[in-house]
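Chemist: predicted model and sequence follow; I will ask about them next.
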Amino acid sequence: MTNIWMHIGAGSFHRAHQAWYLHRLLKEVAAEQWKIAIGGIRNDVVPLLTALSQQNNEYILETVSPQGVREYEKITSIAKVLPWDEKMTALIEQGAKEETKVIAFTVTEAGYYLDTSHNLDPNSADIQTELKGTICTIYGAVKAILKERIKQNGKPVTLLSCDNLRHNGDRFRHGFLQFLELCKDQELIEWVKKNTTSPNDMVDRIVPRPAADLAPRVAKETGFNDKAPVMGESFIQWVVEDNFISGRPELEKVGVEMVKDVQPYEEAKIRILNASHSCIAWAGTLIGLSYIHEGTHNPDIKKLAWNYVTQDVIPCLTPCPLDLEDYRDVVLDRFGNPNIQDTNQRVAADGLSKIPGFITPTLIGCYDRGKEPKATAVLPALFFIFMEEWHHGRLPYEYQDGILNADTMHAMFNSADPIAIFAGDKALFGKIAGKAEFVTLIRQTVSELKNWINSAK
């Protein structure tokens, strides 16, 4: 019997990361009986699912090293493509089956609708829509799947977040149970507590949106006219808490690190890689650059990221089982890969979720240690200037943010003191929001950065 790993979120990252590991496992272990069923929550997934269905659920993954070495592999781990409809019929049907042992998902940081206290935001428009009966978030989708699963067999299932969210399994589980409380579904709450687990995990591979030249290059190199190719860097990592309630693939056989505690890995990755990535994207955009590698090769921008990690993050995370200085250097080397062609637009997205998730813990950690976080303050200050450009319609691309309230943001910049409002936002900065020393630091940093931006353009 084939065991199914159902994945919600058919985007490039899953297909270049988790699907790759399961593909490798199928090749390495002939008796392995795990395959993927893939689907999505929103209707923008339809073209991709259609393309995959038309090519036997297979696609090409192109990887490229910092030295420019490109390799191509046909990924064959997807057994089923689950067609989308508003009622999530195929997702619910597959998730309810006993053969589905793991329900995993990649819905971006904003897709969890959590505030800085990591509680579900009940006032979110999407959550409110869902409480009225329309599925549009991971919470509503998983609720519907589990209700049907209880009807059909009631077998336990693992719920696995694969997003760049600190303690992602714990955070999803907490948000999901709060959502069920809003739904007043005590019976399902008790079932979830007894019959599901939500392991934490840390995922890492830079996977840009597929560029226009990817499909022609794949066709030329492989002879496969792929309508759904993906590309990513050659580096890949996956660290997973070994807490699966209904069995799991033997992922350790293909390099996945199965551990008791993911925290040291995810903390280093989120604060060093993810936050620095955003820093480079916002700064690069503001001086007229389009790609991450361009910003990384700019000495001023690279120094902003290097200073942030070296002066503030490493002291906050020490002691650590990882060599943090080496990790910093590897990360910046990866960002400088010109062959990835990762856009500032992709990495700059969802800043309103990334600041509290990736950056604020270091700000708070510095203050708690009695140190002013000058190097870290650069990151939210860059975002402030970035959003000021958005406010004036001067960004070179459309900014995408799952929790952006455009009216509120415009009102902030139309106010007498936008920086005070920004630095006083508890949703972004938690317990340091509005503190005089922090507001002053952001004010000074914004001023200094604007001078640099004007001279660098």
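Modeler: Looks like it came in fine.
Chemist: low-confidence regions, this structure specifically.
Modeler: Along the chain, segments meeting pLDDT under 70 span 30-32.
Chemist: for this structure, what's the longest helix?
Modeler: helix 436-456 (DSSP state H).
Chemist: helices or strands next to that helix in the packing?
Modeler: helix 374-391, helix 418-423 (3 or more CB pairs under 8 Å, 6 or more residues apart in numbering; DSSP states H and E). (Each C-beta comes from the backbone N, C-alpha and C, glycine too.)
Chemist: just checking, what packs against the helix or strand just after the shortest one?
Modeler: Moving toward the C-terminus from helix 418-423, the next helix or strand (DSSP states H and E) is helix 426-429. Other helices and strands packing on helix 426-429, by 3+ CB pairs under 8 Å, 6+ apart, are helix 360-368.
Chemist: what sits up against the helix it packs on?
Modeler: The contact list for helix 360-368 (CB atoms under 8 Å, 6 or more residues apart in numbering) reads 116, 166, 271, 275, 308, 312-313, 316, 372-373, 376-377, 380, 428-432, 438.
Chemist: buried ones among the residues you listed?
Modeler: 116, 166, 271, 275, 308, 312-313, 316, 373, 376-377, 380, 428-430, 432, 438 (16 or more other CB atoms under 10 Å).
Chemist: kindly report the domain assignment for this protein.
Modeler: The record's domain parsing of the chain by automatic domain parsing lists 3-259, 263-456.
Chemist: distance between the ends of the longest one?
Modeler: From its first residue to its last, domain 3-259 covers 22 Å (CA to CA, to the nearest Å).
Chemist: one step back: next, the angle from the longest helix of the chain to helix 374-391.
Modeler: 70 degrees (axes from the mean of the first three to the mean of the last three CA atoms, to 10 degrees).
Chemist: and the helices and strands packed on helix 436-456, which is most packed in?
Modeler: Highest mean neighbour count among the helices and strands packed on helix 436-456 (mean count of other CB atoms under 10 Å): helix 374-391, with a mean of 23.
Chemist: and the next helix or strand past that helix?
Modeler: Once the chain leaves helix 374-391, the next helix or strand it forms, by DSSP H and E, is helix 406-413.
Chemist: remind me what that following helix packs against, helices and strands.
Modeler: Taking 3+ CB pairs under 8 Å, 6+ apart as the contact cut, helix 406-413 packs with helix 374-391, helix 418-423.
Chemist: show me what counts as buried in that helix.
Modeler: So helix 406-413, judged by 16+ other CB under 10 Å, has buried residues M409, M412.
Chemist: how far off centre is that helix?
Modeler: For helix 406-413, the gap between its own C-alpha mean and the chain's C-alpha mean amounts to 25 Å (CA atoms, centre = their mean, to the nearest Å).
Chemist: residues in contact with it?
Modeler: Against helix 406-413 from outside (CB under 8 Å, 6+ apart): M387, E388, W390, H391, P418, I421, F422.
Chemist: wait, D350 sits on Q400?
Modeler: Yes. Shown here, D350 and Q400 form a contact pair, counting by CB atoms under 8 Å, at 7.1 Å.
Chemist: spatially, which two of the contacts of helix 406-413 are the most separated?
Modeler: Maximum pairwise distance in these, criterion CB to CB, is 15.5 Å, between W390 and I421.
Chemist: mind jotting down where the strands sit in this structure?
Modeler: Ranges of strands in the chain, per DSSP state E, are 3-8, 34-39, 59-64, 70-75, 78-81, 100-105, 157-161, 196-197, 201-204, 230-233, 237-241, 257-259.
Chemist: so how far is the last one off the chain centroid?
Modeler: Going back to what we said before, that points to strand 257-259. 20 Å.
Chemist: which neighbouring elements make contact with it?
Modeler: Going by 3+ CB pairs under 8 Å, 6+ apart, strand 257-259 lies up against strand 237-241.
Chemist: pull out the buried residues from the strand it packs on.
Modeler: Buried-residue list, strand 237-241, by 16+ other CB under 10 Å: W238, V239, V240, E241.
Chemist: show residues contacting the longest helix of the chain.
Modeler: 286-287, 298, 300, 363, 367, 372-374, 377-378, 380-382, 384-385, 419-420, 422-424, 429, 432.
Chemist: contacts only, for the residue nearest to L428 when sequence neighbours are not counted.
Modeler: Closest residue in space to L428, ignoring its immediate chain neighbours: I355 at 5.0 Å, by CB to CB, 6 or more residues apart in numbering. I355 makes contact with L379, P380, F383, L428, F429 under the criterion CB under 8 Å, 6+ apart.
Chemist: can you pull out the helices in the stretch 251-400 of the chain?
Modeler: 263-268, 275-286, 292-296, 299-307, 314-317, 324-335, 344-348, 351-354, 360-368, 374-391 (DSSP state H, counting those that start in this stretch).
Chemist: helices and strands around the last one, which ones?
Modeler: Right, helix 374-391. By 3+ CB pairs under 8 Å, 6+ apart, helix 374-391 packs against helix 275-286, helix 299-307, helix 351-354, helix 360-368, helix 406-413, helix 418-423, helix 436-456.
Chemist: could the ones you listed go into JSON lines alongside distance to V46?
Modeler: As requested, the helices and strands packed on helix 374-391 are exported to JSON lines (distance: least, CB to CB, whole Å):
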{"stretch": "helix 275-286", "distance to V46": "28"}
{"stretch": "helix 299-307", "distance to V46": "37"}
{"stretch": "helix 351-354", "distance to V46": "25"}
{"stretch": "helix 360-368", "distance to V46": "36"}
{"stretch": "helix 406-413", "distance to V46": "26"}
{"stretch": "helix 418-423", "distance to V46": "37"}
{"stretch": "helix 436-456", "distance to V46": "40"}
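Chemist: now distance to P47 too, for the buried residues of strand 237-241, in JSON lines please.
Modeler: Shown next, in JSON lines, are the buried residues of strand 237-241 (distance: CB to CB, whole Å):
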{"residue": "W238", "distance to P47": "27"}
{"residue": "V239", "distance to P47": "32"}
{"residue": "V240", "distance to P47": "31"}
{"residue": "E241", "distance to P47": "34"}
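Chemist: out of those residues, who's nearest R205?
Modeler: The closest of the buried residues of strand 237-241, once distances to R205 are taken by CB to CB, is W238, at 8.5 Å.
Chemist: for that closest one, give me its contacts.
Modeler: H17, Q18, Y21, D201, M202, V203, D204, L251, G255, V256, E257.
Chemist: again with D342
Modeler: So D342 contacts I206, P208, Y291, I292, H293 (CB under 8 Å, 6+ apart).
Chemist: which of those residues sit farthest apart?
Modeler: I206 and Y291 (11.9 Å).
Chemist: if we can go back for a sec, with distance to N344 added, can I get the strands of the chain in TSV?
Modeler: Converted to TSV, the strands of the chain look like this (distance: least, CB to CB, whole Å):
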stretch	distance to N344
strand 3-8	28
strand 34-39	28
strand 59-64	19
strand 70-75	23
strand 78-81	31
strand 100-105	26
strand 157-161	26
strand 196-197	37
strand 201-204	20
strand 230-233	17
strand 237-241	23
strand 257-259	31
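Chemist: quick one: which of these is nearest C279?
Modeler: strand 201-204 (17.3 Å).
Chemist: and for that closest one, what's in contact with it?
Modeler: So strand 201-204 is in contact with 13, 17-18, 160-164, 168-169, 235-241, 262, 265-266, 269, 273, going by CB under 8 Å, 6+ apart.
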